[in-house]
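Asks: structure for the following, please:
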Amino acid sequence: MVNGTKRQVSHLRLILESTPKLSNADSIERVYGIALDEVQAIFKPNRLFVALSESKNLVPNAHVAQRGGWLHDLIIPIYAGGNLIGKIMLQFEKARTFSDDEITLVELIAAQAGFAIARIDERKSASEARRRKDELVAMAVHELRSPLTAIVGAAFILRKEREDQRIRALEVIERNAQAQVNLIEDLLHVCQLDAGQLKLQVRKLDLAPILEKVIEEIRPLATSHNTVLNADLKQALTVRGDEQRLWQVFWNLLANSVRFASPNGEVRITTEYGSAVIKICIRDNGIGIGEKELPYIFEPFRQGDGQDVKPHAGIGLGLAIVKDLVALHKGTISAESDGPGKGACFIVTLPSA
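Replies: Numbers count the residues shown, from 1 in each chain. Coordinates of the predicted model:
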C-alpha cells in the first residue's frame, strides 16, 4: 500500500513537472522530444519512438501488443484537435505487464502532448491569418493607388487639352473608377465571408436565364479578345439559391475564362442535369493550368506553383470568392486542365431543386 502511494505521488509529481515543459514547447518536434524523455524516464523501454501515420492505422486507446522478436509493445495514441495524429511506441525485449496506473500516466502524457501540438497549430494558423490580412491590405493599397493616379492625370487633361484628348481622358476616368468599384466590392465580400455576415436570399430559380444574362454582359469583353462564346442552355436548370450571388459566381468564372482564352479562341458553357445535382462547365482553350497550380487556383493571391505572385489581373480574389459563394449554396467547384497551353475547365456542381 505504501509503495503504491509513493508511486502515485511520483507519477503526480512527474505530470506536474511535464505540463509546463510541454505547454512552453515552441515546436511540434520539441513536444515529441519532451514526451519521449518523460516516458523513457518512467518505463525505461529497450526501444522508444514516435510513429506518424494515417488516422485509419491508429488505435483509439493505449494497448499492449505482442509481436516478433520484441515480446511486448506499449502503444499510446496521440490526439490533437480531436484527430489522431500519431502514436508513442514502447518496445520491450522481455515480457512485462502494465498496471492501470502506468497506462493512465502515459495516456496523460500523450494527452498533454496532443494539447501542446494543437496550441502550436492554432498559433501557426493565427500567424498565417495575420500575414494574409497584412498582404491583403498591402495589395489593396497598391491596387487602389494605380487607378487613382490615372484618374488624377485624366482630370488634369480635362482642364487643359483638346476635345479628343478630353474624350479619352473621360474613358480613362470611367475605366479606372470602375476598377476601384470592383476592387472595393471584392474586399467587402471577403470581409463578409470571413465574418460569416454574407446572407443569401434563397429561393427556387432557373439558372439558365442567369447564365444567358452573364453571357450577354461578358460578350463585349469576349469581342474585344476575339473570343467566341458558345452555350448549351436548352433546358431549365432549377436550383435553390441567391440570384445575385449566383450571377456573381458565373460572371467571375466566364470573365476569367475569356481573359485567359487563346487569341481568336472559344469559351464554351455546357450543363448536365441530374436527379440530385446540376453541373455547369465553363471551358476555354487558353493558356491552361499546370499540375502544380491546380491545388492553389482557388486561393487568394496565389498562382503558378503555389507561390505568392502578382495576379494577371486585379487583386486575385475572384476565384476565392467564387469558391466561398458556391460553398454557401452547398455546392462545389473544381478546376481541370491537361496542362499549360491546353485550356481549362471550371465545374460548378449545385444541388438541384
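Asks: from here on, just use CA atoms for contacts and neighbour counts.
Replies: Noted.
Asks: next secondary structure after the worst-scoring helix or strand of the chain on mean pLDDT?
Replies: Within the chain, no helix or strand scores below strand 63-65, which has a mean of 55 by mean pLDDT, DSSP states H and E. Where DSSP states H and E defines the elements, the next helix or strand beyond strand 63-65 is strand 72-80.
Asks: so what strands line up beside that following strand?
Replies: In its sheet, strand 72-80 lies beside strand 63-65 (antiparallel), strand 83-92 (antiparallel), with partners assigned from DSSP bridges.
Asks: now, of those, which is deepest in the fold?
Replies: strand 83-92 (a mean of 20; mean count of other C-alpha atoms under 10 Å).
Asks: average pLDDT across that strand?
Replies: Here strand 83-92 scores 82 as its mean pLDDT.
Asks: to the chain's geometric centre, what's the distance from that strand?
Replies: Centroid separation for strand 83-92 versus its chain: 29 Å, with C-alpha atoms, centre = their mean, to the nearest Å.
Asks: what does stretch 120-128 give?
Replies: On C-alpha atoms, centre = their mean, the centre of stretch 120-128 falls 15 Å from that of its chain.
Asks: quick one, what contacts the spatially most central residue of the chain?
Replies: Centroid-nearest residue in the chain, with C-alpha atoms, centre = their mean: E299, separated by 6.2 Å. Contacts for E299 (C-alpha atoms under 8 Å, 6 or more residues apart in numbering) come out as 317, 319-320.
Asks: what's the closest of the residues you listed to G86?
Replies: A320 (32.5 Å; C-alpha to C-alpha).
Asks: beta-bridge partners for D284, please?
Replies: On the basis of DSSP bridges, D284 is bridged to V267, A344.
Asks: count the neighbours of it for me.
Replies: 29 (other C-alpha atoms under 10 Å).
Asks: which residues touch it?
Replies: Contacts of D284 by C-alpha under 8 Å, 6+ apart are 257-258, 260-262, 265-268, 343-345.
Asks: ok, 6 Å please
Replies: Residues near D284 by C-alpha atoms under 6 Å, 6 or more residues apart in numbering: 257, 261, 266-267, 343-344.
Asks: contacting residues around stretch 116-134?
Replies: 23, 28, 80-81.
Asks: please repeat the previous calculation with a cut-off of 8 Å.
Replies: 22-23, 25-28, 31, 80-81.
Asks: kindly give a single ChimeraX line that selects the buried subset of those.
Replies: Applying 16 or more other C-alpha atoms under 10 Å to the contacts of stretch 116-134 leaves a buried subset, and the ChimeraX line that selects it is:
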select :22,23,25,28,31,80
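Asks: ok, so of the contacts of stretch 116-134, who is nearest K279?
Replies: G81 (34.8 Å).
Asks: pretty sure that closest one contacts F115?
Replies: Yes: counting by C-alpha atoms under 8 Å, G81 touches F115, with 7.5 Å between them.
Asks: part of a strand, is F49?
Replies: Yes: read with DSSP: H, G, I helix; E, B strand; the rest coil, F49 is one of the residues of a strand.
Asks: residue contacts, it?
Replies: Listed by C-alpha under 8 Å, 6+ apart, the contact set of F49 reads 36, 88-90.
Asks: phi and psi next, for G331.
Replies: Backbone torsions for G331, taken as degrees, to the nearest 10, come to phi -120, psi -180.
Asks: how about it, nearest residue that isn't a chain neighbour?
Replies: L350 (4.5 Å; C-alpha to C-alpha, 6 or more residues apart in numbering).
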